[in-house]
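A.B. asks: my questions concern the predicted model and sequence given below.
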Amino acid sequence: QVQLVESGGGSVQAGGSLRLSCAASGYTYSSYCMGWFRQAPGKEREGVAAIDSDGSTSYADSVKGRFTISKDNGKNTLYLQMNSLKPEDTAVYYCGADPLCAWVMRALPEKWGQGTQVTVSS
């Protein structure tokens, strides 16, 4: 059974940092594109970042230069380092997996987790 479990969310002041983790199990993790998308109250889902099986990365313009996506294939774990957080980054962050990064960046991956809340106060 495929399972993605996010952790690391929380509350932080603007300018602060958080690191999200996503533990993956039940499938060949290394062959998928992995990534993060988010959804704020009253807003549509938004792709945040993705990392392909070859290590290439993609970022939404809104997070470029502030967020870094990485993965540890040995641990089947995906990370999102978030620095210089802004109140507009407040959302539920979901880990997703799909054979194609395009679907992860469209926030419509084949598989996703239960999400973790990130709240940034001004």
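C.D. replies: Noted; the coordinates are in hand.
A.B. asks: only C-alpha atoms for contact and neighbour calcs from this point on.
C.D. replies: Will do.
A.B. asks: could you look up the SS state of the most centrally placed residue in the chain?
C.D. replies: Against the mean C-alpha coordinate of the chain, by Cα atoms, centre = their mean, the closest residue is residue 36 at 2.2 Å. On the three-state scheme (DSSP: H, G, I helix; E, B strand; the rest coil), residue 36 is labelled strand.
A.B. asks: so it touches residue 96, yeah?
C.D. replies: Yes: counting by Cα atoms under 8 Å, residue 36 does reach residue 96; the two are 5.8 Å apart.
A.B. asks: residue 8 and residue 80, how far apart?
C.D. replies: Going from residue 8 to residue 80 by Cα to Cα, to the nearest Å gives 9 Å.
A.B. asks: what do these two both touch?
C.D. replies: 19-21 (Cα atoms under 8 Å, 6 or more residues apart in numbering).
A.B. asks: next step: those residues restricted to strands.
C.D. replies: 19-21 (DSSP state E).
A.B. asks: which of those are buried, as a ChimeraX select command?
C.D. replies: Remark: buried members of those, expressed as a ChimeraX selection using 16 or more other Cα atoms under 10 Å:
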select :19,20,21
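A.B. asks: distance check, residue 79 against residue 64.
C.D. replies: 15 Å.
A.B. asks: wait, I meant residue 53
C.D. replies: For residue 53, the distance to residue 64 - Cα to Cα - is 20 Å.
A.B. asks: more neighbours, the two?
C.D. replies: More crowded of residue 53 and residue 64, by other Cα atoms under 10 Å: residue 53, with 17 against 12.
A.B. asks: phi, psi of that one?
C.D. replies: Phi and psi for residue 53, reported as degrees, to the nearest 10, are phi -60, psi -20.
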